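Peer 1: Everything below, folded, please.
(chains A, B, C and D)
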Protein chains: 2
Amino acid sequence: MMGNIPCDKTDTRKALLEAAEQLFAQHGFEAVSVRHLATAAGANLSMVSYYFGSKEGLFEELIASRFPYARGVLESLAADTTLTAWEKMSQTIDLYVDKFFGGRSFHRVIMREMSLQQRPALVKIITDLMGKNMLLIRGFIVEGQEKGQFNQVDADFTIVMLLGAIAAYINNSTMVGKMLNETDDAQIFSDANKARFKCELKNMFHAHLVRVSAER
Amino acid sequence: MMGNIPCDKTDTRKALLEAAEQLFAQHGFEAVSVRHLATAAGANLSMVSYYFGSKEGLFEELIASRFPYARGVLESLAADTTLTAWEKMSQTIDLYVDKFFGGRSFHRVIMREMSLQQRPALVKIITDLMGKNMLLIRGFIVEGQEKGQFNQVDADFTIVMLLGAIAAYINNSTMVGKMLNETDDAQIFSDANKARFKCELKNMFHAHLVRVSAER
DNA sequence: CAATAAATCAAACGTTTGTTTGATTTATAT
DNA sequence: ATATAAATCAAACAAACGTTTGATTTATTG
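Peer 2: Predicted coordinates:
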């Protein structure tokens, strides 16, 4: 009756995951201590080992649970028969730019971990999840090529270039900011810049993929 | 007279930098302890603080001393009046792919540090060095546009996309390997794949940059 | 209510970390 | 040769790390 909603039922676990999401994103996995983590979650220090076995176990569960956002959208794009292959690619670009811009701190954590290759369990989780998404995108390119709308580009490398170009904006935001003469995060990731970046990406991949005489 | 060439003159310092280059590239900055470092360099533990003030000081000097490779090539490209703007861009792609493929471990370290943004001194060193290179590349794009050979693309974003696409191959080599059905590093970074990747990059950026009626 | 299990806690564990100390050796210069 | 500085060393430092312990509280169940 104190205005205390009895929402509990062991939300310590959830609190730890939420604190970890924020802190890992901000400082990186190594830099965040278990003590720091527990304090931020309002939990006891030993609760990390208690619930997740180890700090690394918590990390793995965090990645696995927060990752698979894009899948559903890509699958519905794949199933859609009313869209052209390029329209699917265009929407994929929108999807990933939105996704990366929105959760940029967390994506930085994931990409650092991929680059480090120090935690094999994590690398496997990420490659499996991301691999399926890439197969779906691959399908769009192959579809366009089979219908004669796309050039015979290398689908695999094209996907690497696409996702890499987007990731670069996130990972090197300091560099991007320097080039655009914008210093703080909010400016660099403003809606205006997001729109410009999407536009530039679409222009380039349209020129790369779509046969000159086929469309538009 | 023991066959011992008196090459010394304090090469302990140099040995530490060389050991650090190899170990940081392989395991990342955080994962390499000062003890590990000193042992690998055949030096005493305290020599790191003695010569560089701290482990971080060693890191900063390492980055600064190993970084500025591309500058000279880009400057000579900029000064060359016999090349077209696209030829300069094409050679820039060759340069960066070679550079990134060759020193991929070390570049991973640099890019992780950029992404982390935890050591301001290092971020400044890197952005300053890389920023000048990007200005030179920017010059190639602007030159092409002024001569009517290039489309009116956004030069800044184009550079981000270019370097990002190349960096992605390095940072996500596990993912690339999965897509190409190649498991080990030597395969993924083989000359054949390097050539394919360069080709794909040039195709895409040629389509993006070069006006359809202007050149080839 | 009693008994059992789950969750939380303060405290300590044993390592490992980067750095400092002070003695000792090696080199340089007077 | 002697004095001064530079370089190296083993040892110790304090702090921080992730994890474990065992008691204690809270919740669940028969």
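Peer 1: burial count for residue A:191?
Peer 2: 8 (other Cβ atoms under 10 Å in any protein chain shown). Backbone N, C-alpha and C define where each C-beta goes, glycine included.
Peer 1: Let me know the pLDDT of it.
Peer 2: pLDDT, residue A:191: 97.
Peer 1: got the contact list for residue A:203?
Peer 2: B:153, B:208 (Cβ atoms under 8 Å, 6 or more residues apart in numbering or on different chains).
Peer 1: Show me which residues of the one helix or strand it maps to are buried.
Peer 2: Counting by DSSP states H and E, the element that carries residue A:203 is helix A:191-209. By neighbour count on 16 or more other Cβ atoms under 10 Å in any protein chain shown, the buried set for helix A:191-209 is A:193-194, A:197-198, A:200-209.
Peer 1: mind listing what the closest residue to residue A:193 other than its chain neighbours touches?
Peer 2: Spatial nearest neighbour of residue A:193, chain neighbours left out: residue A:180 (7.0 Å); criterion: Cβ to Cβ, 6 or more residues apart in numbering or on different chains. By Cβ under 8 Å, 6+ apart, the residues touching residue A:180 are A:187-188, A:193, B:156.
Peer 1: Next one: the residue nearest to residue A:198 when sequence neighbours are not counted, what pLDDT does it get?
Peer 2: In space, and not counting its chain neighbours, residue A:198 is closest to residue A:97: 5.2 Å by Cβ to Cβ, 6+ apart. Residue A:97 is assigned 97 on the pLDDT scale.
Peer 1: count of neighbours near residue A:97?
Peer 2: Around residue A:97 there are 20 residues (other Cβ under 10 Å).
Peer 1: from what I can see it touches residue A:167, true?
Peer 2: No: using Cβ atoms under 8 Å, residue A:97 makes no contact with residue A:167, being 10.6 Å away.
Peer 1: quick one: buried residues of whichever helix or strand residue A:49 is part of?
Peer 2: For residue A:49, the enclosing helix or strand under DSSP H and E is helix A:47-52. Neighbour counts over helix A:47-52 (16+ other Cβ under 10 Å) mark A:47-48, A:51-52 as buried.
Peer 1: Output that helix as PDB, nothing but the C-alphas.
Peer 2: Taking C-alpha atoms only, helix A:47-52 is exported to PDB below (Å, rounded to 0.1, in the frame of the first residue of the first chain):
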ATOM      1  CA  MET A  47      24.200 -12.000  -8.200                       C
ATOM      2  CA  VAL A  48      26.000 -12.000 -11.500                       C
ATOM      3  CA  SER A  49      27.700 -15.300 -10.800                       C
ATOM      4  CA  TYR A  50      24.500 -16.600  -9.200                       C
ATOM      5  CA  TYR A  51      22.300 -15.900 -12.200                       C
ATOM      6  CA  PHE A  52      24.700 -16.100 -15.100                       C
END
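Peer 1: returning to that earlier point: just give me how far the one helix or strand the residue nearest to residue A:198 maps to sits from the chain centre.
Peer 2: Assigned by DSSP H and E, residue A:97 belongs to helix A:85-102. Centre-to-centre, helix A:85-102 and its host chain are 12 Å apart (Cα atoms, centre = their mean, to the nearest Å).
Peer 1: do the helix or strand just after it and chain B meet?
Peer 2: Next in sequence after helix A:85-102, counting helices and strands by DSSP H and E, comes helix A:104-116. Yes: using Cβ under 8 Å from any Cβ of the partner chain, helix A:104-116 reaches chain B at A:108, A:111-112, A:114-116.
Peer 1: Give the rounded mean pLDDT of helix A:104-116.
Peer 2: Mean predicted confidence for helix A:104-116 is 90.
Peer 1: before we move on, what about stretch A:199-210?
Peer 2: 97.
Peer 1: do the same with stretch A:140-153
Peer 2: Mean predicted confidence for stretch A:140-153 is 97.
Peer 1: same check, this time on stretch A:59-72
Peer 2: pLDDT averaged over stretch A:59-72 gives 87.
Peer 1: repeat for stretch A:78-87
Peer 2: Here the average pLDDT along stretch A:78-87 is 97.
Peer 1: Give me the residues contacting it.
Peer 2: Contacts to stretch A:78-87, defined as Cβ under 8 Å, 6+ apart, come from residues A:77, A:88, A:91, A:136, A:139-141, A:143-144, A:147, A:149-150, A:206, A:209-210, A:215.
Peer 1: check which helix or strand covers the nearest residue to residue A:155 once chain neighbours are set aside.
Peer 2: Spatial nearest neighbour of residue A:155, chain neighbours left out: residue A:141 (4.4 Å); criterion: Cβ to Cβ, 6+ apart. According to DSSP H and E, residue A:141 maps onto helix A:120-146.
Peer 1: what inclination does whichever strand or helix holds residue A:176 have with respect to helix A:191-209?
Peer 2: Counting by DSSP H and E, the element that carries residue A:176 is helix A:173-180. Counting by axes from the mean of the first three to the mean of the last three Cα atoms, to 10 degrees, helix A:173-180 lies at 90 degrees to helix A:191-209.
Peer 1: what inclination does helix A:173-180 have with respect to helix A:104-116?
Peer 2: Going by the same axes, to 10 degrees, helix A:173-180 makes 120 degrees with helix A:104-116.
Peer 1: Check which element follows helix A:173-180 along the chain.
Peer 2: With secondary structure assigned by DSSP H and E, helix A:173-180 is succeeded by helix A:185-188.
Peer 1: Do the helix or strand hosting residue A:38 and chain B come into contact?
Peer 2: Per DSSP H and E: residue A:38 is located in helix A:34-41. No: judged by Cβ under 8 Å from any Cβ, helix A:34-41 makes no contact with chain B; its nearest approach is 14.3 Å.
Peer 1: list the helices and strands that helix packs on?
Peer 2: helix A:12-27, helix A:47-52, helix A:55-66 (3 or more Cβ pairs under 8 Å, 6 or more residues apart in numbering or on different chains; DSSP states H and E).
Peer 1: Distance to DNA strand C for these - can I get that in a markdown table?
Peer 2: As requested, the helices and strands packed on helix A:34-41 are exported to a markdown table (distance: least, Cβ to the nearest atom of the strand, whole Å):
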| stretch | distance to DNA strand C |
| --- | --- |
| helix A:12-27 | 4 |
| helix A:47-52 | 5 |
| helix A:55-66 | 12 |
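Peer 1: Out of those helices, the one nearest residue B:60 is which?
Peer 2: helix A:12-27 (19.5 Å; Cβ to Cβ).
Peer 1: Could you list the domains of chain A?
Peer 2: For chain A, the structural domains run A:12-65, A:67-209, going by automatic domain parsing.
Peer 1: is it possible to export those domains to a markdown table including distance to residue B:11?
Peer 2: Below are these laid out as a markdown table (distance: least, Cβ to Cβ, whole Å):
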| stretch | distance to residue B:11 |
| --- | --- |
| domain A:12-65 | 31 |
| domain A:67-209 | 30 |
